[in-house]
Each structure stands twice: as structure tokens, then as C-alpha cells.
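Enquirer: One predicted model, sequence on top.
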Amino acid sequence: MTATVTGGRDDTDVSALPPSAQPPESDPGAAESEPSRPVGRSRFGVVGRPLGVGVVGLWLSVMVLLPLAALTVTSFEEGWGGFWEAVTAPVALASLRVTIVAALVVALINAVMGTLIAWVLVRDDFPGKRIVNALIDLPFALPTIVASIVLLSLYGPNSPVGIHLNATQPGLVVALAFVTLPFVVRSVQPVLIEADREVEEASASLGASSWVTFRRVVLPTLLPAIISGTGLAFARAIGEYGSVVLIGGNIPRETQVASQYIQQQIEIDRPVNAAAVSVALLAIAFLTLAVLRWFAGRSLRREETAS
């Protein structure tokens with residue numbers, strides 16, 4: 001091997017080196033293949049990113065922000081005093097109370113029964129399991145007025161099963177439970193599917209009963225999903241109209257929900273009252289979703305800290 005030094009530069013004859021010591025050959029076309037792109041940057045670069053954000057912002061503005069802004073402006077046409085008077089009217093307060101109480105009862109029922117249904121669908125095998133799993137999503141696809149007709153024919157004055165729930169608060173609960181059933185089930189199912197069964201087996205091998213294993217091992221894992229699904233069910237129930245319009249009876253101070261009161265105010269040409277109660281429902285739903293977002297973020301940070 002020969003080497004010469006010229007001007008402080010090592011001019012080693014690499015052809016004389018053994019093959020194992022020679023530097024790898026560079027591919028002249030590698031640099032011309034595909035230009036490197038920072039991780040996370042869109043393929044469309046600085047042009048595509050503002051365009052996408054602009055389209056999303058425009059769509060949300062037209063579909064969500066502008067209608068909500070128009071509703072809020074209408075509710076305050078008579079000032080804060082008119083808004084407060086419309087929301088605190090006795091019949092309006094009664095409709096809000098009936099709505100919130102029924103929605104809370106339905107949310108609690110869904111928290112229990114939805115978790116149980118998700119557990120059975122994930123952990124048990126039985127004939128017709130695929131059909132039952134498909135029926136869970138039926139309330140999402142079925143028009144809610146159809147559900148009200150079905151419930152009225154089943155639990156109305158001519159009930160074939162001898163149960164009469166027409167124009168009663170239990171009838172409202174049944175109707176709302178029907179349309180909000182999928183929320184908890186579909187929130188808990190993925191968590192159950194991904195749950196580590198070895199932890200449950202280890203708990204059982206240490207002598208823990210099934211209830212103790214569920215309460216101390218399974219339930220803490222499922223709790224964020226249960227709370228999320230329950231909150232979504234509550235938010236859906238407070239704004240429901242179609243499923244309760246027939247079986248509810250629309251009796252003021254007894255079975256009239258807020259959505260029916262809003263329609264009544266529009267029919268008697270009181271749009272400000274209708275808008276005010278609508279804003280009250282919107283505030284309740286927004287507060288519910290904000291709490292869910294906070295709880296989800298807290299759970300995520302807790303998982304990141306634990307890992």
C-alpha cells in the first residue's frame with residue numbers, strides 16, 4: 001500500500017486496500033431519487049397546509065359557527081333581561097328540569113347496561129352474536145320518529161304486552177335509552193378488545209374473586225371509556241326530539257321536554273323564547289363536552305406518566 005501526503009492531504013490509494021477496508025461505493029442516483037421531507041410535513045408543503053386549514057375553517061364556520069352565532073343573537077334580541085325571563089319562565093324551567101332529569105337517568109342506565117352489553121359482545125360467544133352486534137348501531141341509522149311510533153305501538157294505550165307508558169316520564173326514559181344505547185357500547189368495546197387478559201388471569205390465580213378482579217383490575221381500565229360514552233349519551237338525550245314526540249305526550253310541566261317546548265314557542269310566534277331555551281341547552285351540552293375533553297386529557301397525561 002502506498003500513500004503520499006500532498007499539502008497536508010492524505011492521498012491514500014484506496015484501490016490498494018483490501019476489499020473489507022475499502023469505503024462503500026456511493027450511489028450517484030440516490031441523491032436524485034426522492035427529496036427528503038421533514039417528518040410530519042405535508043406532501044403539498046406550505047401551499048397545501050393553509051389551503052386545508054382554510055377549507056376546514058370555512059366549512060365549520062358555515063355549518064356550525066354561523067348558525068350558533070345567529071341563534072345566540074336572536075336569543076338576546078330583547079337584552080339580557082328578556083333572555084333571563086324567557087329561560088326562567090315556569091314552563092321553560094319545568095321542561096328543562098324534565099329533560100335534564102330524564103337524560104341523567106338514561107345516562108346512568110346506559111353506563112351500566114352499555115358496559116354489560118359490550119362485555120358480553122367481546123368476552124362471550126353465542127348464536128346470533130353478529131346479528132346482535134349489528135343491531136347495536138340500529139338507533140344511529142333508524143329515524144328517531146320511527147322509534148317513537150314503534151314504542152307507542154308497543155307501550156301505548158293498545159299495548160300488546162300490557163305495559164302502558166304513553167305520556168309518562170318512564171316512557172321518556174325508554175325512548176331516550178333506545179336512541180342513546182350505542183354510545184357506551186361502542187366506547188367500551190375497543191378498550192375491552194385491547195385489554196390485557198393476562199392481568200385478569202394473574203389476579204384470578206392469586207385467589208381474587210371475579211367481582212374483585214373486575215372492580216380493581218378491569219374497571220379502572222374501562223372507566224375513561226364508560227365516562228366518555230355516558231357523557232355523549234347525556235348530551236344526545238338533552239336535545240332529543242323525534243323519539244319522544246309521540247310517546248312522551250308533550251304534557252307541560254310533566255312530560256314536555258325542552259325540544260318540544262322550543263317547537264311550541266316557535267308555533268306561537270315567540271322565536272326569542274325558543275332561541276333562549278335553545279342556547280340554554282347548547283350551554284349544557286357544551287359544558288358536558290368540555291368536561292369530557294378535560295377528563296380525556298387528564299387520563300391521557302396519567303397514562304403517559306405511568307409509561
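Expert: Great, that's in hand.
Enquirer: Provide the secondary structure category for residue 158.
Expert: coil (DSSP: H, G, I helix; E, B strand; the rest coil).
Enquirer: what's the neighbour count on it?
Expert: The number of residues packed near residue 158 is 10, by other Cβ atoms under 10 Å. Quick note: C-beta positions are derived from backbone N, CA and C, even for glycine.
Enquirer: what's the answer for residue 274, then?
Expert: Residue 274 - counted by other Cβ under 10 Å - has 23 other residues nearby.
Enquirer: My guess is residue 261 contacts residue 92. True?
Expert: Yes. Using Cβ atoms under 8 Å, residue 261 is in contact with residue 92, at 6.2 Å.
Enquirer: Common neighbours of these two, please.
Expert: Residues touching both residue 261 and residue 92 by Cβ atoms under 8 Å, 6 or more residues apart in numbering: residue 277.
Enquirer: residue ranges for the strands of the stretch 1-150 of the chain, please.
Expert: Per DSSP state E, counting those that start in this stretch, the stretch 1-150 of the chain carries strands over the ranges 3-6, 9-12.
Enquirer: where in this protein is pLDDT low?
Expert: 1-48, 303, 306-307 (pLDDT under 70).
Enquirer: same thing but at 80, please
Expert: Applying pLDDT under 80 to the chain picks out residues 1-49, 195-210, 212-215, 217, 295-307.
Enquirer: which one is residue 189 nearest to, not counting chain neighbours?
Expert: In this structure, residue 189 finds its nearest non-sequential neighbour in residue 118, 4.7 Å apart by Cβ to Cβ, 6 or more residues apart in numbering.
Enquirer: what number of residues lie near that neighbour?
Expert: Residues near residue 118, counting by other Cβ under 10 Å: 25.
Enquirer: what's it in contact with, if anything?
Expert: 184-186, 188-189, 192.
Enquirer: how about a cut-off of 10 Å?
Expert: 136, 184-193, 222, 225-226, 229 (Cβ atoms under 10 Å, 6 or more residues apart in numbering).
Enquirer: Could you do residue 208 as well?
Expert: 200, 202, 214-217.
Enquirer: Does residue 66 touch residue 57 like I think?
Expert: No. Applying Cβ atoms under 10 Å, one finds residue 66 not in contact with residue 57, separated by 11.9 Å.
Enquirer: between those two, what contacts are shared?
Expert: With Cβ under 10 Å, 6+ apart as the test, residue 66 and residue 57 reach no residue in common.
Enquirer: so how far is stretch 77-91 from its chain's centroid?
Expert: Relative to the centre of its chain, stretch 77-91 is centred 32 Å away, using Cα atoms, centre = their mean, to the nearest Å.
Enquirer: in that stretch, what counts as buried?
Expert: 83, 86-87, 89 (16 or more other Cβ atoms under 10 Å).
Enquirer: Just those residues: which are in helices?
Expert: Among these, the residues falling in helices (DSSP state H) are 83, 86-87.
Enquirer: Can I get those residues in a markdown table including distance to residue 279?
Expert: A markdown table is the format used below for those (distance: Cβ to Cβ, whole Å):
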| residue | distance to residue 279 |
| --- | --- |
| 83 | 8 |
| 86 | 10 |
| 87 | 8 |
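Enquirer: List just the nearest of those to residue 111.
Expert: In terms of Cβ to Cβ, no member of these lies closer to residue 111 than residue 87, at 28.8 Å.
Enquirer: middle-most residue in the chain, spatially?
Expert: residue 232 (5.5 Å; Cα atoms, centre = their mean).
Enquirer: surely it meets residue 184?
Expert: Yes. Residue 232 is in contact with residue 184 according to Cβ under 10 Å; the separation is 8.2 Å.
Enquirer: Quickly list what's touching both of these two.
Expert: 107, 110.
Enquirer: The stretch 201-307 of the chain: helices as residue ranges?
Expert: 210-213, 219-238, 258-267, 271-306 (DSSP state H, counting those that start in this stretch).
Enquirer: Return the most buried member of these.
Expert: Mean neighbours per residue, mean count of other Cβ atoms under 10 Å, is largest over these for helix 219-238, with a mean of 20.
Enquirer: Quick check: residue 165 vs residue 246, distance?
Expert: 11 Å (Cβ to Cβ, to the nearest Å).
Enquirer: coming back round to it: output the helices of the stretch 201-307 of the chain in TSV, with distance to residue 96 appended to each entry.
Expert: Shown next, in TSV, are the helices of the stretch 201-307 of the chain (distance: least, Cβ to Cβ, whole Å):
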stretch	distance to residue 96
helix 210-213	38
helix 219-238	9
helix 258-267	5
helix 271-306	7
